[in-house]
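**Q** next input, structure requested:
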Amino acid sequence: MTETLTTYARLNVPASTIEEVVKTLTDELEQLKEMRDEAKRWMEETEAAEQRANDLAALAELARTRLAAADAPHRVPVTVTCRVLGLARQPYYRWLASPVTDAELTEAYRAGALFDAHRDDPEFGHRFLLDEARAAGEAMAERTAWRICRDNRWWSVAMCRFGVSGWVSVTACQVDALSLVGC
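**A** Modelled structure (predicted):
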């Protein structure tokens, strides 16, 4: 940045122009810092969500294999296990027969395709992510893509200026609407 200023000074560029350049570069630097901090927060949230999912899976595995299973080393009655976990027996037996439903598996694949597209291009809104997921072979409705993006908090990193409040981050579902207003 100092080399740029020195170059402008040698070329007899007015001081006001140099100040404008410095201000522009400073603003861009601040925006980049904010975007980096936001990406860091997203990564932390993602890691926390993965940890919660792993904990839940471990609890489910514990219930299935060690507490109420027929071949468990210390068998605990199903009634007691369900009472401790806050479950009714019928859903437990239904889950024991099929731990992951087809709908959950399909949604997981769709979420994976959307996340891959979001990781590659974080400025895309849910409609563009949907196109990328369809290209990857995961067909779904637009509303489904929007819901998955909303539930997982995969927002676009697009920025838009709103009056006196300055730059504001907008969500993935607002990107297309903002293109109509000219932001």
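
**Q** residues contacting stretch 55-64, please?
**A** Contact with stretch 55-64 is made by Thr81, Leu85, Tyr92, Trp95, Leu96, Pro99, as judged by Cβ atoms under 8 Å, 6 or more residues apart in numbering. C-betas here are computed from N, CA, C, even on glycine.

**Q** one more time with 6 Å, if that's ok
**A** Outside stretch 55-64, the residues that touch it by Cβ atoms under 6 Å, 6 or more residues apart in numbering are Thr81.

**Q** and for stretch 113-123?
**A** With Cβ under 6 Å, 6+ apart as the test, stretch 113-123 has contacts from Leu129, Glu132, Ala133, Ala136, Glu138, Ile148, Trp154, Ser156, Val157, Ala158.

**Q** farthest pair in those residues?
**A** Glu138 and Ala158 (23.3 Å; Cβ to Cβ).

**Q** how close does Leu129 sit to Pro122?
**A** Here the distance between Leu129 and Pro122 works out to 10 Å (Cβ to Cβ, to the nearest Å).

**Q** okay, these two: which has more neighbours?
**A** Leu129 (26 against 18; other Cβ atoms under 10 Å).

**Q** skipping its backbone neighbours, what lies nearest the more buried one in space?
**A** With Cβ to Cβ, 6 or more residues apart in numbering as the criterion, Leu129 has its nearest non-adjacent residue at 4.6 Å, and that residue is Ala117.
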